[in-house]
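Undergrad: Could you look at this predicted model? Sequence included:
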Amino acid sequence: MMLRLLVRWALGALTLLAIAYVAPSLGILPGFHVAGFGAALVAVVVLSLLNLTVRPILKWLSLPITCLTFGLFTLVINAVVMLLTDALVAGFEVGGFLNAVIVSVIYAVVTALLYGLVEGDQKD
């Protein structure tokens with residue numbers, strides 16, 4: 001259980017670092033910056049805590065508009081959580097709302113794939 005948490009934490013931090021390194025070199029996400037592995041680790045912790053506390057409240061408050069947009073408004077909620085993480089963590093800069101949307105989508109997809117690869121068919 002504890003090892004699983006540590007692996008997820010490290011994978012999340014490595015994902016943020018990879019996005020910060022690869023995306024600007026491709027010409028996308030010019031304002032996205034992660035100062036280093038330590039900042040990425042802190043950002044993952046803050047992001048997780050915000051996803052556990054703030055995100056459910058935002059989802060509940062925005063339920064009508066989320067239904068009207070067939071769930072696409074969830075991208076906005078994820079971007080807001082990413083921007084809150086930007087505001088709370090030194091060395092983690094998203095660079096604006098559009099960047100926050102793109103980073104949150106890339107982060108969600110990559111971490112889901114990595115978690116699936118690492119954890120495989122384990123049952124707890």
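TA: Ah, there it is. Note that the structure is a prediction, hence the values are computed from the model and not measured. Numbers count the residues shown, from 1 in each chain.
Undergrad: Number of residues surrounding residue 43?
TA: 25 (other C-beta atoms under 10 Å). In this view, the C-beta of every residue, glycine as well, is placed from N, C-alpha and C.
Undergrad: Spatially nearest residue to residue 73, not counting backbone neighbours?
TA: Leaving out its chain neighbours, the residue that sits closest to residue 73 by C-beta to C-beta, 6 or more residues apart in numbering is residue 66, at 4.4 Å.
Undergrad: So the one you found versus residue 108, what's the distance?
TA: From residue 66 across to residue 108, the span is 16 Å (C-beta to C-beta, to the nearest Å).
Undergrad: Please say which of those two ends up with more neighbours.
TA: residue 66 (18 against 13).
Undergrad: contacting residues for the more buried one?
TA: 59, 72-74, 77 (C-beta atoms under 8 Å, 6 or more residues apart in numbering).
Undergrad: Buried ones only from those, please, as a PyMOL command.
TA: This is the PyMOL syntax for the buried subset of the contacts of residue 66, where burial follows 16 or more other C-beta atoms under 10 Å:
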select buried, resi 73+74+77
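Undergrad: Out of the contacts of residue 66, which is nearest to residue 114?
TA: residue 74 (20.9 Å; C-beta to C-beta).
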